[in-house]
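> have a look at this prediction, sequence included:
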Amino acid sequence: MTTIPGTIPVTHPALQSVTAHGWRRGFANLLHNEYRQWWGTRKGPIHLLLWLIILNGLILLVGLPSSQEAGDPEPLYNTLIQVFFQVGALATAIGVVTTAQGAIVREKQLGTAAWVLSKPVSRSAFVLAKFVAYAISFVSLAILIPSAIFYGQSLLLAGHAPELGVFLAGLGIMVVHTLFYLALTLLLGTLFNTRGPISGIAMGLLFIGFLPPNLVPQALLLALPWTLKESAVGLVMGSALPAIWIIPVVATTLWIVVFLAVALWRFGREEF
């Protein structure tokens, strides 16, 4: 069989037939491209440096002066836990909204979404690849790595670190809190064509949670992630939590699924 110089024959091992169908069509290629934007460019290292400064740098600012004072280290330990989880939950929520607000809108504005979808890829794969790549990359850089460093900082500054099991449970709550705002941001990206409404709605929902509890209906406190940061702090510190603390965790997880389902439905009806 003759081949044209400069071309790759169809029997070349680098060419593999794609057999995925339905929502999985093109998912692996799209996910690889999304990962490359995080880990193959300066985006990943810049994000990591930013979160180390924000979270671990703040812990040093809070902990170093107190660690040099003689006395009971328990108050310092409690302060470090509260600062890391409460400030961390707020900061990562703001960060993920800011980072992901253009994930879908930008591609619609530039026309790259229409170009990509003209290839053998499904619209579901387009949205899900972004969610998976942003979730894994952002959570790793903004939560997991700073948390591992914080564990050592707690040991160094306060003399002891949280019990590993409850610490991981607290981190799990923090991850769920972050993924809620990621899924919401991607959903809003399928509904709007500019970034203003996306960031405005997502940030507005985030900061409503800082209103005094007596101004917010109890049903909303149970159904939305506003109390998750307090639950994470109480869990890690070993405080007595109310029996209903698990309800917002479950409800927030369900909201993530609902947001993704609606985003897939809406993007599937987008006209390009």
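Good, I have the coordinates. Residues are numbered from 1 along each chain as shown.
> for the stretch 51-200 of the chain, which segments count as helices?
For the stretch 51-200 of the chain, helices defined by DSSP state H, counting those that start in this stretch occupy the ranges 57-67, 74-82, 88-100, 105-110, 112-117, 123-139, 145-158, 164-191, 195-208.
> may I have the second one exported as PDB, CA atoms only?
The C-alpha atoms that make up helix 74-82 are tabulated as PDB, following Å, rounded to 0.1, in the frame of the first residue of the first chain:
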ATOM      1  CA  GLU A  74      -5.100  24.600  72.600                       C
ATOM      2  CA  PRO A  75      -6.600  28.100  71.900                       C
ATOM      3  CA  LEU A  76      -4.100  28.600  69.100                       C
ATOM      4  CA  TYR A  77      -5.000  25.100  67.600                       C
ATOM      5  CA  ASN A  78      -8.700  26.000  67.700                       C
ATOM      6  CA  THR A  79      -8.000  29.300  66.000                       C
ATOM      7  CA  LEU A  80      -6.000  27.700  63.200                       C
ATOM      8  CA  ILE A  81      -8.700  25.200  62.500                       C
ATOM      9  CA  GLN A  82     -11.400  27.900  62.400                       C
END
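> what sits up against it?
Outside helix 74-82, the residues within contact range by C-beta atoms under 8 Å, 6 or more residues apart in numbering are 59, 62-63, 66-67, 150, 153-154, 157-160, 162, 233, 236-237. All C-beta spots, glycine's among them, are computed from the backbone N, C-alpha and C.
> next up, the contacts around residue 55.
By C-beta under 8 Å, 6+ apart, the contact list for residue 55 reads 84, 87-88, 91, 142, 146, 150.
> list just the nearest of these to residue 40.
The shortest gap between residue 40 and any of these belongs to residue 142, at 18.6 Å (C-beta to C-beta).
> leaving out the residues flanking it, which one is nearest to that closest one?
Spatially, and ignoring its direct neighbours in sequence, residue 142 is nearest to residue 51 (4.5 Å; C-beta to C-beta, 6 or more residues apart in numbering).
> from what I see, the one you found and residue 144 are in contact.
No - using C-beta atoms under 8 Å as the test, residue 51 is too far from residue 144 to be in contact (10.1 Å).
> so which of those two has more stuff around it?
Taking other C-beta atoms under 10 Å, residue 51 and residue 144 do not tie; residue 51 has more neighbours (22 against 14).
> list the contacts of that one.
When the contact criterion is C-beta under 8 Å, 6+ apart, the partners of residue 51 are 91-92, 95, 141-142, 145-146.
> again, only using 6 Å
Residue 51 makes contacts with 141-142, 146, as judged by C-beta atoms under 6 Å, 6 or more residues apart in numbering.
> next: residue 223.
residue 251.
> could you redo the last one with a cut-off of 10 Å?
Neighbouring residues of residue 223 by C-beta atoms under 10 Å, 6 or more residues apart in numbering: 217, 247-248, 251-252, 254-255.
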